[in-house]
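>>> got a predicted model here, sequence first, then my questions.
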Amino acid sequence: MPGRSIILRTLFLFILSFFVCGCVTIYNPATERKETLLIDTKNEVSLGADMDRELQAKFKFANDPGMLRRVETIGNRVANYSDRQDLFYHFKVVKDKELNAFAIPGGFVYLNSALVEAATDDELAGVIAHEIGHIAAKHSVKKLQTVLGYQILIGIITGASGQASTSQALDVVFNLVNLGYSRKDELLADKLAVRYVRRANYNPNAIITFFRKLQKDAEAKGQNYQVAFLSSHPAIEERIAYIEEQIRLNPY
């Protein structure tokens with residue numbers, strides 16, 4: 001069928017044009033290297049907002065004014081020193097008894113209420129800084145474009161992504177959070193956390209003390225229990241040693 005051949009060829013050229021024109025190459029100060037991305041900041045924020053709406057329907061969120069004010073105050077103070085100042089950061093508290101935290105593209109950071117209650121201000125700053133580190137390094141964005149590629153790119157650009165594509169993107173991010181980032185990504189987020197909390201005038205050693213709290217909580221619940229913040233390839237002791245080294249090497 002000649003008509004079908006023309007349609008397929010046109011679609012291929014359409015996809016290719018978006019791939020060529022849609023790519024952006026930037027220097028990322030968080031990773032300290034040039035990176036080529038299919039998803040720019042505007043589209044990342046749009047996708048993040050769509051994903052956040054799904055999460056609003058999926059989870060119960062805390063509405064305690066004091067708790068939210070504390071999280072936003074600490075979060076905004078840390079975010080002021082993020083290597084990414086091209087987006088607005090959102091800090092939200094999920095009603096949950098597990099000591100957990102995660103982030104999605106577009107500057108959205110979520111902390112479980114139990115974690116907020118268990119952490120000191122310095123420890124909370126460390127957790128938030130770690131999640132901001134993942135956002136600054138665009139770890140989830142890179143994972144999304146690797147897994148979804150053209151599909152999500154075209155959906156975002158044309159505005160035809162719809163709920164199904166958003167749900168798929170959210171599944172990819174949640175899978176990344178639950179299975180853990182790569183060793184390299186986790187250690188970079190830890191390094192950036194030390195940098196951000198120190199610049200925000202919080203105590204970076206609190207990152208280590210909260211790691212110990214999380215480790216103790218996980219051990220008490222059994223070896224099959226995993227905390228997203230600790231669910232990674234580097235062993236907890238390796239991460240603590242790495243953070244201690246970063247504190248020594250990066251006084252400012």
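Everything's here; your move.
>>> tell me how far residue 221 lies from residue 214.
Shown here: residue 221 relative to residue 214, a distance of 11 Å by Cβ to Cβ, to the nearest Å. For the C-beta atoms, the positions are set from N, CA and C on the backbone; glycine is no exception.
>>> the two: which is more packed in?
Taking other Cβ atoms under 10 Å, residue 221 and residue 214 do not tie; residue 214 has more neighbours (22 against 13).
>>> low-confidence ranges in this protein?
1-23, 149-166, 176-179, 222-233, 251-252 (pLDDT under 70).
>>> who does the spatially most central residue of it bridge with?
The chain has residue 103 as the residue nearest its centroid, 3.5 Å off, counting by Cα atoms, centre = their mean. Residue 103 forms beta bridges with residue 109, as assigned by DSSP bridges.
>>> now do the contacts for it.
Going by Cβ atoms under 8 Å, 6 or more residues apart in numbering, residue 103 touches 109, 110, 131, 132, 134, 135, 140.
>>> okay, the residues you listed in a markdown table with distance to residue 118 and neighbour count next?
Output for the contacts of residue 103, formatted as a markdown table (distance: Cβ to Cβ, whole Å; neighbours: other Cβ atoms under 10 Å):
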| residue | distance to residue 118 | neighbour count |
| --- | --- | --- |
| 109 | 17 | 25 |
| 110 | 16 | 22 |
| 131 | 16 | 26 |
| 132 | 20 | 28 |
| 134 | 21 | 26 |
| 135 | 23 | 28 |
| 140 | 25 | 26 |
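>>> I'd say residue 121 and residue 74 touch.
Yes. Between residue 121 and residue 74 there is a contact under Cβ atoms under 8 Å: 6.1 Å.
>>> those two - which one has more neighbours?
residue 74 (25 against 14).
>>> from residue 52, how far out is the nearest residue to residue 119 once chain neighbours are set aside?
What sits nearest to residue 119 in space, not counting adjacent residues and going by Cβ to Cβ, 6 or more residues apart in numbering, is residue 210, at 5.9 Å. Computed as Cβ to Cβ, the residue 210 to residue 52 distance reads 25 Å.
>>> of those two, which one has the most company?
residue 210 (23 against 19).
>>> and the next helix or strand past the strand or helix carrying the more buried one?
If you go by DSSP states H and E, residue 210 is part of helix 205-220. For helix 205-220, the following helix or strand on the C-terminal side (DSSP H and E) is helix 236-249.
>>> CA atoms only for that next one, dumped as PDB, please.
Provided in PDB are the C-alpha atoms of helix 236-249 (Å, rounded to 0.1, in the frame of the first residue of the first chain):
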ATOM      1  CA  ILE A 236      25.400   1.900  53.800                       C
ATOM      2  CA  GLU A 237      28.900   1.800  55.400                       C
ATOM      3  CA  GLU A 238      30.400   2.700  52.000                       C
ATOM      4  CA  ARG A 239      28.100   5.600  51.700                       C
ATOM      5  CA  ILE A 240      28.800   6.800  55.200                       C
ATOM      6  CA  ALA A 241      32.600   6.600  54.600                       C
ATOM      7  CA  TYR A 242      32.100   8.500  51.300                       C
ATOM      8  CA  ILE A 243      30.100  11.200  53.000                       C
ATOM      9  CA  GLU A 244      32.800  11.600  55.700                       C
ATOM     10  CA  GLU A 245      35.400  12.000  53.000                       C
ATOM     11  CA  GLN A 246      33.300  14.600  51.200                       C
ATOM     12  CA  ILE A 247      32.900  16.500  54.400                       C
ATOM     13  CA  ARG A 248      36.700  16.600  54.800                       C
ATOM     14  CA  LEU A 249      37.400  17.400  51.200                       C
END
